[in-house]
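**Q** Fold the stuff below for me.
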Amino acid sequence: MADPIQNVDEQALLARAKQNPQAIGEIYDLYADRLHGFILKRCGHRETAEDLVSKVFTRFIENLPNIEWQGVSIGAYLYRAASNALIDHWRSASVRLDTDIDENWDPPSEQSAPSWHAELNLEREKILETMKHLSPRDQQVLDLRFFAGLDPEEIAKQMDISPNHVSVLIYRAVGRLRTNYLAQYE
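**A** I've put the predicted structure just below:
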């Protein structure tokens, strides 16, 4: 199944959003579910994730007149805003990063076999548990790459580092995740 975001001219969409509120709805439709999954994975609470997605889009709408196209997807801006909203949430609520994920959340899948879903959920739980033991920076870079689906250029923009540095961080974080996973589950 093709990624709907890849078929969008985001520069034109951003320009339209500044003129027409319906284009903001298009941006919401493209990114809301992904942002919800990204935030939910990090905070582990469905209602909190919904509130934070709402805050991200509220801030986006408030800042829209000042947002200029910089050659990076709208998603990079939204994921940075989501990361900032999570940081604000953790600071204000003194919530730890290692809270459990909402058990009712199930990632979308084209597979329909119950055994496939069961196996996927078991592996997801193992990986998420293993990720809790990584450094916050490793967690962030893996979240942005694999849960948010950002490419290294978009992650670099968000983290204020070079794309090459992002690739190195991802490579090392995946290596540490693999080592920890194998030590724990093999």
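
**Q** How about stretch 37-50, which residues are buried there?
**A** For stretch 37-50, the neighbour count (16 or more other Cβ atoms under 10 Å) marks Gly37, Phe38, Ile39, Leu40, Lys41, Arg42, Cys43, Gly44, His45, Arg46, Thr48, Ala49 as buried. To be clear about C-beta, it is placed using only N, CA and C from the backbone, and glycine gets the same treatment.

**Q** These in helices, which ones?
**A** Taking DSSP state H as the definition of helices, the buried residues of stretch 37-50 contribute Gly37, Phe38, Ile39, Leu40, Lys41, Arg42, Cys43, Arg46, Thr48, Ala49.

**Q** for the chain, what helix or strand is lowest in average pLDDT?
**A** helix 114-131 (a mean of 75; mean pLDDT, DSSP states H and E).

**Q** Out of the ones in helices among the buried residues of stretch 37-50, flag the one nearest to Asn164.
**A** Within these, the smallest distance to Asn164 is 23.7 Å, found for Phe38 (Cβ to Cβ).

**Q** Is that closest one in contact with Phe146, as I believe?
**A** No - at 10.2 Å, Phe38 does not count as touching Phe146 under the criterion of Cβ atoms under 8 Å.

**Q** Give me the buried positions along stretch 165-178.
**A** Those would be Val166, Ser167, Leu169, Ile170, Ala173, Arg176, Leu177, for stretch 165-178 by 16+ other Cβ under 10 Å.

**Q** hmm, back to that, I'd like the buried residues of stretch 37-50 as JSON lines, with pLDDT and distance to Leu134 appended.
**A** Output for those, formatted as JSON lines (pLDDT from 0 to 100; distance: Cβ to Cβ, whole Å):
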{"residue": "Gly37", "pLDDT": "87", "distance to Leu134": "19"}
{"residue": "Phe38", "pLDDT": "86", "distance to Leu134": "17"}
{"residue": "Ile39", "pLDDT": "87", "distance to Leu134": "18"}
{"residue": "Leu40", "pLDDT": "85", "distance to Leu134": "18"}
{"residue": "Lys41", "pLDDT": "82", "distance to Leu134": "13"}
{"residue": "Arg42", "pLDDT": "80", "distance to Leu134": "13"}
{"residue": "Cys43", "pLDDT": "80", "distance to Leu134": "17"}
{"residue": "Gly44", "pLDDT": "79", "distance to Leu134": "16"}
{"residue": "His45", "pLDDT": "82", "distance to Leu134": "21"}
{"residue": "Arg46", "pLDDT": "85", "distance to Leu134": "24"}
{"residue": "Thr48", "pLDDT": "87", "distance to Leu134": "22"}
{"residue": "Ala49", "pLDDT": "88", "distance to Leu134": "21"}
